[in-house]
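*Asks:* One predicted model, sequence on top.
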Amino acid sequence: MNVQKILECEREQLQKIKFLPYHYKKFGFVLLIISLISLAILTFTDYSSVLMNNISKSALLVSLLLISISMEKNEDEYTMQLRARSYVMAFIFGVVYAILQPYINYVVALFVKREAADFKELSSFVIIWFMLFIQLGFYYTLRRTR
């Protein structure tokens, strides 16, 4: 197989991936702002509803996902390549974070409150939020240095 056929095959595979139209990105940013405001209100007030907290966290994840999988105004092969790189980096950083962070939290808890140190795994919300945040951060950083 020659290099030209391999490149053509990769190009066809990239074109098969369908992302959401650009206007979903705007909706994602609006939902992100609303969910951040609601989480801030729930954090700084005495009103503590588990349901509202979960809804706000879910809205935050959905908003980040909408921003992540929405196309740019001028989507081309280079932006697709940047997006793919950012997903790879987010996955790698997410796995490393999910493995190391519980141990770091445990060691810090040992020094701060020795008798109450407890080893706890990270929640799925924290891991997914971290991965989406890292993906968007890498994507926009890579795109800006274009």
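*Replies:* On my side now, so go ahead.
*Asks:* Quick check: buried residues in the strand or helix carrying Ile128?
*Replies:* Using DSSP states H and E, the element containing Ile128 is helix 124-144. Buried residues in helix 124-144, counted by 16 or more other Cβ atoms under 10 Å: Ile127, Ile128, Trp129, Phe130, Met131, Leu132, Ile134, Gln135, Leu136, Phe138, Tyr139, Leu142. (Glycine included, C-beta is placed from N, CA and C.)
*Asks:* list the helices and strands that helix packs on?
*Replies:* helix 50-69, helix 77-112 (3 or more Cβ pairs under 8 Å, 6 or more residues apart in numbering; DSSP states H and E).
*Asks:* just the CA coordinates of the first one, formatted as CSV?
*Replies:* What that stands for is helix 50-69. C-alpha atoms of helix 50-69 as CSV (Å, rounded to 0.1, in the frame of the first residue of the first chain):
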residue,chain,number,x,y,z
VAL,A,50,-29.2,16.9,45.7
LEU,A,51,-31.5,16.8,42.7
MET,A,52,-30.7,20.5,41.8
ASN,A,53,-27.0,19.9,42.3
ASN,A,54,-27.1,16.8,40.0
ILE,A,55,-29.1,18.6,37.4
SER,A,56,-26.7,21.5,37.4
LYS,A,57,-23.7,19.2,37.1
SER,A,58,-25.3,17.3,34.3
ALA,A,59,-26.1,20.6,32.5
LEU,A,60,-22.4,21.5,32.9
LEU,A,61,-21.3,18.3,31.3
VAL,A,62,-23.8,18.5,28.5
SER,A,63,-22.8,22.1,27.8
LEU,A,64,-19.1,21.2,27.6
LEU,A,65,-19.9,18.3,25.3
LEU,A,66,-21.9,20.5,23.0
ILE,A,67,-19.1,23.0,22.8
SER,A,68,-16.6,20.1,22.2
ILE,A,69,-18.5,18.4,19.4
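*Asks:* which outside residues touch that helix?
*Replies:* Helix 50-69 is contacted from outside by 19-20, 24-25, 27-29, 31-32, 34-36, 38-39, 42, 125, 128-129, 132-133, 135-136, 139, using Cβ atoms under 8 Å, 6 or more residues apart in numbering.
*Asks:* quick check: angle from that helix to helix 124-144?
*Replies:* Note on geometry: by axes from the mean of the first three to the mean of the last three Cα atoms, to 10 degrees, helix 50-69 and helix 124-144 are set 30 degrees apart in direction.
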